[in-house]
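Trainee: Starting from these lines, generate the structure:
(chains A, B, C, D, E and F)
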Protein chains: 6
Amino acid sequence: MNQLTHLNARGEARMVDVSEKQVTTRTAQACASVRMHATTLQMIVDGDHPKGDVLATARIAGIMAAKKTPELIPLCHPLLLSKVEVTLSPDTNLPGIRILATCKLAGQTGVEMEALTAASVAALTVYDMCKAVDKRMEIEGIRVLEKTGGKSGDWTFET
Amino acid sequence: MNQLTHLNARGEARMVDVSEKQVTTRTAQACASVRMHATTLQMIVDGDHPKGDVLATARIAGIMAAKKTPELIPLCHPLLLSKVEVTLSPDTNLPGIRILATCKLAGQTGVEMEALTAASVAALTVYDMCKAVDKRMEIEGIRVLEKTGGKSGDWTFET
Amino acid sequence: MNQLTHLNARGEARMVDVSEKQVTTRTAQACASVRMHATTLQMIVDGDHPKGDVLATARIAGIMAAKKTPELIPLCHPLLLSKVEVTLSPDTNLPGIRILATCKLAGQTGVEMEALTAASVAALTVYDMCKAVDKRMEIEGIRVLEKTGGKSGDWTFET
Amino acid sequence: MNQLTHLNARGEARMVDVSEKQVTTRTAQACASVRMHATTLQMIVDGDHPKGDVLATARIAGIMAAKKTPELIPLCHPLLLSKVEVTLSPDTNLPGIRILATCKLAGQTGVEMEALTAASVAALTVYDMCKAVDKRMEIEGIRVLEKTGGKSGDWTFET
Amino acid sequence: MNQLTHLNARGEARMVDVSEKQVTTRTAQACASVRMHATTLQMIVDGDHPKGDVLATARIAGIMAAKKTPELIPLCHPLLLSKVEVTLSPDTNLPGIRILATCKLAGQTGVEMEALTAASVAALTVYDMCKAVDKRMEIEGIRVLEKTGGKSGDWTFET
Amino acid sequence: MNQLTHLNARGEARMVDVSEKQVTTRTAQACASVRMHATTLQMIVDGDHPKGDVLATARIAGIMAAKKTPELIPLCHPLLLSKVEVTLSPDTNLPGIRILATCKLAGQTGVEMEALTAASVAALTVYDMCKAVDKRMEIEGIRVLEKTGGKSGDWTFET
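Mentor: Below is the predicted model:
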């Protein structure tokens, strides 16, 4: 039967014991989007505008945030990420920026939270750098796209 | 004319100079939602289930994250938050949890990023505590609802 | 012969080399108490008072502090805690709150400092939340109750 | 009437609004003790033993921990400490080490928690450096000795 | 008479009391260099190589490090930086990268350590990103170039 | 062919995948120097001056900084240091302080950045504690002296 495993029998939060779980290679991929005004996106994308540094700054912020996950999410285990990659792509249909974060490790717990945190903080950083020109941006669609490894096996979000 | 003020003339990221801005009382309110399966929400809400600690844990995580904003968002200024409040409400129509974060300070920069970060990390914490029972949750609707103070004055998100 | 192993031959602090120590499952349990006025305890415990969040907040603070131990204690090794549990129990005889922290990992060093840090920070958090109503609280009895694993084997504090 | 001000009307934790409180110079002094076996103390104190670095390490750890207080204690406000001093004195009557921490700032909230955190972490650091030779140490007597400034005025712990 | 003010009369480290110092606008500029093989520099600078992200990553790392100064340097006061700017320039004569960091705040202490820390961490980040192709790089010339504000007034490093 | 491995095919920063690399014992030794006025050095070294705490404080700062490396250097992997040692030696010929930092772990990545960060932050701490008496200090000669372990094998900096 399913349970909220982060709570003990008295309903109190705890960091669950993973010491008996197997060490396997685990990956997770998560996404997020920042929806903005078309002219804001244009300002980021434009050839004669500083496209590079908005996306580069958000990419670095996302990577560093993945490493901070156990400091931010109270019941996450500390773990040794072996890979983090964050990509940001302008999408004129949104319009806005689409973010994809991939994390990997050989360990006893999954890395969904690390991928979700990386995507979220990259999105917040885009927001921060554009908020002076666009007050109505919105961050949306933060979810896990797929994960591999671990007892529950591979899984893909199907729409 | 509007500009991406976090970039200098060469398009390089910088933390902008706010030393000439006025110290005023500033507030910001941001929201986020975690959409989940109705039975997951029921599990959090149910009288004989540990409702308290899921929401209490996310609330604390959100408050602590607000204080970490300048560590997470590269170009945010360090600042002295004078108030942080995070509320989480179950919504059976969503179905899921609605989050509201309010920040306040007397200072030279706004606190939108702090409110957005608090709401985002509270949402990620709810996600973390429920992900063993629901792999298809989604975090959405992260945006600023209103802000007061500062040169640009009061502002409310109008839909 | 016993030595203060955290100091080298010149008496200078160092983080000792544990790379030759065996990886074994290690646990440690530590305790702490917050002694307070009986009416302060009553305020925490009372049915119509917010008992939940004082103890829930301290519980989360203790768990998060366990993960911060190598940041706080200069010569502690970074390690991968596989479990942290913190329980807080009102004790009308004290009167006050009794705290118990349990940590576990498979690694090369013991986790006493992590359990002690979790108990201490949980105690400080109780103090913080009650100090407006009781200036004369005192934190006491911070010690290791038992540890298992490692070269020195299992050990229990006997009074 | 007194209240647990860190909780709102629904009993939920929050960081209280201090923006209307006056900026005054505030100080707090807190103490802690590490009780140990007399031979452990002798090892720290002995002329031909590395006395300096045990106490120097704990002193630095205490000072750095004072600055980390708002990261550790969930509802503490970030603040700009203008002074931190930690002293550690061997006491052969205890036997053990007595710790005194003093914090000061001009701000809107008191600095008791900073002084208590500095004293606690200095004590934990002494414990860490001596635990290989003494498993039965105990940290005790963590309390505020006196505070000055703020609305509630000066106050001294009277025994 | 000059003194090492970070030590008290007993020669023990402390965070000195700055509460009586005046709040003035203070700036500091510091520099650092990473000397490398000419072909390594060429690889960073080359049109068809990823110049942008090496320098962009180091720039962000330097800015974020400035904010971490009081966490890294034990006796530095926490402070509210109002501006941080880090520039990195390829110099084929060195050959290598020259780094300039500028910090500013209105406060009671100078910001030399923040500028020096920003320059140092930017240099370490360049080193990290190039070390796979060049093991013999060297970081040198970390010093304060000029400072303004504060009791001691304006000052420029004269060679 | 050599590449800047921290960048992907599009030239974007990433934390490279080390999950296929072998776990071996790895060490690295790095150095740094703080050049200062001879009278400043004399003040640190003098028998009746507080030599101990300047060097002890810098030593602790260096050890703690080694543990913070993945927080500071964006693309460094989190890792479990099994040993950190930092030594500081007065050198009247420089004149100044010479710093040597040694790090060790059993893991999948080298520890050069950890040793370099420890040496750099120890140097910055010496600078901080002496800057009130000597504005013209300079930090120089930060480089890796030798490393062992890993695929590329043992290596020594030869002048």
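Trainee: Get me the contact residues on chain A for chain F.
Mentor: Selection of chain A residues close to chain F by Cβ under 8 Å from any Cβ of the partner chain yields A:25, A:56, A:59-60, A:63-64, A:66-68, A:78-87, A:104-106. Heads up, the C-betas are built off the backbone N, CA and C, glycines and all.
Trainee: Which ones among these map onto helices?
Mentor: In this view, those that belong to helices under DSSP state H are A:56, A:59-60, A:63-64, A:66-68.
Trainee: among the residues you listed, which are within reach of chain B?
Mentor: Residues shared between these and the neighbourhood of chain B are A:56, A:60, A:64, A:68 [Cβ under 8 Å from any Cβ].
Trainee: just these: which has the poorest pLDDT?
Mentor: Lowest pLDDT within these is found at residue A:56 (90).
Trainee: show me the contacts for it.
Mentor: Applying Cβ atoms under 8 Å, 6 or more residues apart in numbering or on different chains to residue A:56 gives the contacts B:13, E:52-53, E:56-57, E:60, F:12-13.
Trainee: Report how many residues lie close to residue A:151.
Mentor: 8 (other Cβ atoms under 10 Å in any protein chain shown).
Trainee: now the one 3 residues further on
Mentor: As a burial measure, the neighbour count of residue A:154 was computed by other Cβ under 10 Å and equals 10.
Trainee: how much space between it and residue A:26?
Mentor: Separation of residue A:154 from residue A:26 (Cβ to Cβ, to the nearest Å): 10 Å.
Trainee: Give me every residue in chain A that's in contact range of chain D.
Mentor: Applying Cβ under 8 Å from any Cβ, one finds that chain A does not approach chain D at all.
Trainee: Low-confidence ranges, chain A, go.
Mentor: Applying pLDDT under 70 to chain A flags residues A:1-3, A:47-52.
Trainee: can you pull out the strands in it?
Mentor: Ranges of strands within chain A are A:24-35, A:83-91, A:96-107, A:138-148, A:155-156, based on DSSP state E.
Trainee: Buried deepest among those strands, which one?
Mentor: Comparing these by mean neighbour count (mean count of other Cβ atoms under 10 Å in any protein chain shown), strand A:96-107 comes out on top with a mean of 25.
Trainee: Please work out which residue of chain A is closest to chain D.
Mentor: The nearest approach of chain A to chain D comes at residue A:71, 8.6 Å away (Cβ to the nearest Cβ).
Trainee: Isn't that residue up against residue C:67?
Mentor: Yes - taking Cβ atoms under 8 Å as the contact criterion, residue A:71 and residue C:67 are neighbours in contact, 7.0 Å apart.
Trainee: show me what contacts the nearest residue to residue A:33 once chain neighbours are set aside?
Mentor: By the measure of Cβ to Cβ, 6 or more residues apart in numbering or on different chains, the closest residue to residue A:33 outside its immediate chain neighbours is residue A:141, 4.6 Å from it. Contacts for residue A:141 (Cβ under 8 Å, 6+ apart) come out as A:31-33, B:138, B:140.
Trainee: With residue A:96 instead?
Mentor: By Cβ under 8 Å, 6+ apart, the contact set of residue A:96 is A:33-36, A:41, A:90, A:137.
Trainee: wait, what's in contact with residue A:28?
Mentor: Residue A:28 neighbours (Cβ under 8 Å, 6+ apart): A:102-103, A:110-112, A:114-115, A:144, A:146-148.
Trainee: got JSON lines for those, with distance to residue B:128 too?
Mentor: Below are these laid out as JSON lines (distance: Cβ to Cβ, whole Å):
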{"residue": "A:102", "distance to residue B:128": "19"}
{"residue": "A:103", "distance to residue B:128": "14"}
{"residue": "A:110", "distance to residue B:128": "11"}
{"residue": "A:111", "distance to residue B:128": "12"}
{"residue": "A:112", "distance to residue B:128": "8"}
{"residue": "A:114", "distance to residue B:128": "11"}
{"residue": "A:115", "distance to residue B:128": "12"}
{"residue": "A:144", "distance to residue B:128": "11"}
{"residue": "A:146", "distance to residue B:128": "18"}
{"residue": "A:147", "distance to residue B:128": "14"}
{"residue": "A:148", "distance to residue B:128": "19"}
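Trainee: which parts of chain A sit against chain C?
Mentor: With Cβ under 8 Å from any Cβ as the criterion, chain A comes near chain C at residues A:8, A:12-19, A:70-71, A:74-75, A:77-80, A:108.
Trainee: Let's see that with 10 Å instead.
Mentor: By Cβ under 10 Å from any Cβ of the partner chain, the part of chain A that sits against chain C consists of A:8, A:10-21, A:23, A:70-80, A:107-109.
Trainee: Buried among those? Need that as a selection in PyMOL.
Mentor: Filtering the residues of chain A next to chain C down to the buried ones (16 or more other Cβ atoms under 10 Å in any protein chain shown) takes a single PyMOL command:
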select buried, chain A and resi 11+12+13+14+15+16+17+18+19+70+71+72+73+74+75+76+77+78+79+80+107+108+109
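Trainee: quick one: which of the residues of chain A next to chain C sit in helices?
Mentor: Per DSSP H, the subset of the residues of chain A next to chain C in helices is A:70-72.
Trainee: so which of those would you say is closest to chain E?
Mentor: Nearest to chain E among those: residue A:71, at 12.7 Å, using Cβ to the nearest Cβ.
Trainee: farthest pair in the contacts of residue A:96?
Mentor: With distances taken as Cβ to Cβ, the most widely separated pair in the contacts of residue A:96 is A:90 and A:137, at 13.8 Å.
Trainee: Return the closest of the contacts of residue A:96 with respect to residue B:127.
Mentor: Closest approach between the contacts of residue A:96 and residue B:127, by Cβ to Cβ: residue A:33, at 16.5 Å.
Trainee: just checking, that closest one touches residue A:120?
Mentor: No - using Cβ atoms under 10 Å, residue A:33 is not in contact with residue A:120, being 11.1 Å away.
Trainee: Which residues are in contact with each of those two?
Mentor: A:99, A:139, A:142 (Cβ atoms under 10 Å, 6 or more residues apart in numbering or on different chains).
Trainee: Neighbours of the closest residue to residue A:92 other than its chain neighbours, how many?
Mentor: Spatially, and ignoring its direct neighbours in sequence, residue A:92 is nearest to residue A:41 (6.6 Å; Cβ to Cβ, 6+ apart). Residue A:41: 21 surrounding residues under other Cβ under 10 Å.
Trainee: picking that back up, could the strands of chain A be laid out in a markdown table, adding distance to residue D:132?
Mentor: A markdown table is the format used below for the strands of chain A (distance: least, Cβ to Cβ, whole Å):
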| stretch | distance to residue D:132 |
| --- | --- |
| strand A:24-35 | 35 |
| strand A:83-91 | 37 |
| strand A:96-107 | 29 |
| strand A:138-148 | 42 |
| strand A:155-156 | 46 |
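Trainee: how about those, which one is nearest residue C:132?
Mentor: Short answer: strand A:138-148, nearest of the strands of chain A by Cβ to Cβ, at 36.6 Å.
Trainee: So in that sheet, which strands flank that closest one, and in what orientation?
Mentor: Neighbouring strands of strand A:138-148 in its sheet, by DSSP bridges, are strand A:24-35 (antiparallel), strand A:155-156 (antiparallel), strand B:138-148 (antiparallel).
Trainee: Run the chain-centre distance for that strand.
Mentor: 7 Å (Cα atoms, centre = their mean, to the nearest Å).
Trainee: tell me the angle of it relative to strand A:96-107?
Mentor: On the basis of axes from the mean of the first three to the mean of the last three Cα atoms, to 10 degrees, strand A:138-148 is oriented at 30 degrees to strand A:96-107.
Trainee: Contact partners for the residue lying closest to residue A:76 once chain neighbours are set aside?
Mentor: Computed as Cβ to Cβ, 6+ apart, the closest residue to residue A:76 that is not its neighbour in sequence is residue A:70, at 4.5 Å. Shown in contact with residue A:70 (Cβ under 10 Å, 6+ apart): A:15, A:76-79, A:113-114, A:117, C:64, C:67-68, C:80-81, F:78.
Trainee: Of the residues you listed, just say which sits nearest to residue F:125.
Mentor: Residue F:125 lies nearest to residue C:68 out of the contacts of residue A:70, by Cβ to Cβ, at 21.1 Å.
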